[in-house]
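Q: let's see this in three dimensions:
(one chain, ligands or ions: 1)
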Amino acid sequence: MSDTPLISTDGLSVTFRINAGAFKKFDLKAVEGISIDIPKGSFFGIVGESGSGKTTLGRALLKAVDISEGTATYDDGEVQYDIGSLSGAELTEYRKHAQLIFQDPYAALSPRMTVRDIIAEPLEVMKITKTRTETDERVREIAAKCRLNLEHLRRFPHAFSGGQRQRISIARALVSGPKFIVADESVAALDLSIQADVLNLLKQIQAEMGLTFMFISHDLSVVAHTCDHVAVMYLGRIVESATTRDLFAQPRHPYTKALFSAIPSLDPDDRGKAQKLEGEIPSPTNQPPGCKFHTRCPYAIDICKSAEPKLEKSPDGHAVSCHRWEELLAESAA
Ligand code: SF4
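A: Have a look, this model is predicted:
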């Protein structure tokens with residue numbers, strides 16, 4: 001992994017204008033003020049509950065939704081893109097470099113297309129290959145990398161298990177030769193035994209092809225075995241960001257600690273210590289003032305209800321947005 005970022009964002013926000021009747025419109029802030037660097041060759045995890053904005057962030061980096069404020073750039077050393085301003089032919093070019101692996105391998109694949117045609121489609125739409133022979137060669141090459149048998153290429157998706165379908169989705173995402181992949185809950189719909197197989201495949205492909213992954217998940221235990229770095233999102237903001245090792249060794253934000261507590265433990269002594277996450281994540285259309293987590297935080301004090309904490313980075317690179325993180329860390333160490 002390099003220190004040079006492939007993707008950089010500065011104050012990235014995504015706001016959707018919602019029409020709620022003839023004269024009623026309101027803004028939904030799905031993502032707000034995200035500043036991150038995703039190093040080349042890294043497996044960068046984004047974790048949070050449903051409604052935390054992680055999927056919207058991933059889609060903004062693929063220009064599948066518009067960026068309302070701030071910037072996002074892609075720079076692989078050969079080509080650079082200002083992602084927010086992309087449109088037309090330039091956006092099509094960018095899509096060769098940045099692709100999405102979908103969450104649901106059952107819904108993502110057209111039942112009427114053969115596996116060969118599903119994988120070949122991006123090559124044809126983006127006019128990457130010139131002849132059918134060239135397309136077939138590329139499809140066979142990427143299918144082999146994704147551990148698909150060549151005889152599978154003639155079949156339709158219904159003939160395959162969930163894990164095999166996800167390998168077809170991965171092959172389709174990789175066929176255009178991208179450098180940046182957004183994997184959005186890419187193993188969430190799979191059985192546990194298959195999840196490990198698909199995660200291993202993603203790691204192997206990343207190493208072989210030198211790819212950079214944004215790996216979006218609600219599940220910290222999946223992220224632990226996959227990612228180099230993890231950013232935790234809550235209500236559209238990053239509340240904690242650190243290397244996976246640092247985050248798992250010493251989580252600093254009360255929300256991150258609550259997510260850790262939700263990981264089932266095999267140790268019966270640990271089960272009683274779980275810090276339960278009470279209540280629901282607030283609606284992005286009706287966000288609380290101050291720290292967005294204060295309505296669920298067991299450590300909230302007055303200042304938390306009025307002043308939003310900044311995301312502050314320590315010299316060790318571990319960043320956290322909480323008024324009380326140092327105090328809470330000292331208490332837990334005592
Ligand atoms: Fe909890 Fe206050 Fe820290 Fe927010 S700022 S996480 S409410 S202690």
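
Q: so, low pLDDT: which residues of this structure?
A: Scanning the chain with the threshold set as pLDDT under 70 gives 1, 264-276.

Q: longest helix in it, by residue count?
A: Scanning the chain for the longest helix, with DSSP state H as the assignment, gives helix 192-209.

Q: quick one: name whatever helix or strand follows it.
A: Using DSSP states H and E, the helix or strand that directly follows helix 192-209 along the chain is strand 212-217.

Q: what strands line up against that next one, and which way round?
A: The strands beside strand 212-217 in its sheet (DSSP bridges) come out as strand 43-47 (parallel), strand 180-184 (parallel).

Q: okay, buried residues for the last one please.
A: Within strand 180-184, the residues that count as buried by 16 or more other C-beta atoms under 10 Å are F180, I181, V182, A183, D184. In short, each C-beta sits where N, CA and C put it, glycine included.

Q: show me the helices in the stretch 101-250 of the chain, by range?
A: 115-125, 132-145, 162-174, 192-209, 220-224, 244-249 (DSSP state H, counting those that start in this stretch).

Q: now for the ones you listed, which one comes closest to the ligand?
A: helix 244-249 (15.6 Å; C-beta to the nearest ligand atom).

Q: after the closest one, next one along is what?
A: Scanning forward in sequence from helix 244-249 by DSSP H and E, the next helix or strand is helix 254-261.

Q: redo the strands paired with strand 212-217 as JSON lines? Include distance to the ligand.
A: Listed next are the strands paired with strand 212-217 as JSON lines, based on distance: least, C-beta to the nearest ligand atom, whole Å:
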{"stretch": "strand 43-47", "distance to the ligand": "16"}
{"stretch": "strand 180-184", "distance to the ligand": "26"}
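
Q: longest strand of the protein?
A: The residue-count maximum for a strand in the chain (DSSP state E) belongs to strand 5-19.

Q: pairing partners for the following helix or strand past that one, with directions?
A: The element immediately downstream of strand 5-19 (helix or strand, assigned by DSSP H and E) is strand 25-34. Strand pairing for strand 25-34, using DSSP bridges, gives strand 5-19 (antiparallel).
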